[in-house]
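Visitor: Provided below for reference: sequence and predicted model.
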Amino acid sequence: MLLLQFDTDPDCQARREILEKTGFTLAVAEPRWPTFFDAVNREQPDLIVIAANILPSHALEAARYLGDGFNTRNIPVLLVDVNPKDEMRARSSAPRARIVAREELAQAVQQTLQPKVSS
C-alpha cells in the first residue's frame, strides 16, 4: 500500500499509524507531480491512499492521473481527509477514487485489500 501525503502535514503520523495497524506493508511518498509516479512504479502497490487536506489540488490531480493511467487505472485509490467543500470537485476530478473519512480508513483498506490476500 502506498500513502501519498505531504511531509509538512501535521496529520502525517496519525494517518501512518492507522495504516500500519492494518498489517499491510506501507510505503510513503509525497503527491508531487511527477515524482509520485516514481513511487508507484517502485512500490507497485495494491492500493494507494492519498491525503487531501494539504494542497487538495495536488491530491486530486494525483488521483486523476492514477485513475487515467494505463498501468495505474486498476489500482484502487482512497482519498482521505477531503474537506467537505472540496468533495464535489474530488468526485468530478477523480471519479475512480473512493472518498473516505479518516475514521473509516482502516476499514476501507481492509475491505479493499482483503479479497486479494485470501485469493
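Guide: Noted; the coordinates are in hand.
Visitor: distance between the ends of stretch 77-87?
Guide: Chord length of stretch 77-87, first to last residue, is 15 Å (C-alpha to C-alpha, to the nearest Å).
Visitor: Quick one: list the elements packing against the lowest-mean-pLDDT helix or strand in the chain.
Guide: Of the helices and strands making up the chain, the lowest-confidence element is helix 105-118, at a mean of 83, by mean pLDDT, DSSP states H and E. Secondary-structure packing of helix 105-118 (3 or more C-beta pairs under 8 Å, 6 or more residues apart in numbering; DSSP states H and E): helix 12-20, strand 77-80. C-beta: built from backbone N, CA, C; applies to glycine.
Visitor: the helices in this structure, which residues?
Guide: All helices of the chain, identified by DSSP state H, fall at 12-20, 35-43, 56-68, 87-93, 105-118.
Visitor: will you turn the ones you listed into CSV that also has mean neighbour count and distance to V80?
Guide: Output for the helices of the chain, formatted as CSV (neighbours: other C-beta atoms under 10 Å; distance: least, C-beta to C-beta, whole Å):
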stretch, mean neighbour count, distance to V80
helix 12-20, 15, 7
helix 35-43, 15, 15
helix 56-68, 20, 9
helix 87-93, 14, 11
helix 105-118, 14, 5
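Visitor: ok now do D11, which residues does it touch?
Guide: Residues in contact with D11, defined by C-beta atoms under 8 Å, 6 or more residues apart in numbering, are Q5, A51, N53, D81, R102.
Visitor: Give me the pLDDT value at it.
Guide: In this model, D11 is scored at 96, pLDDT.
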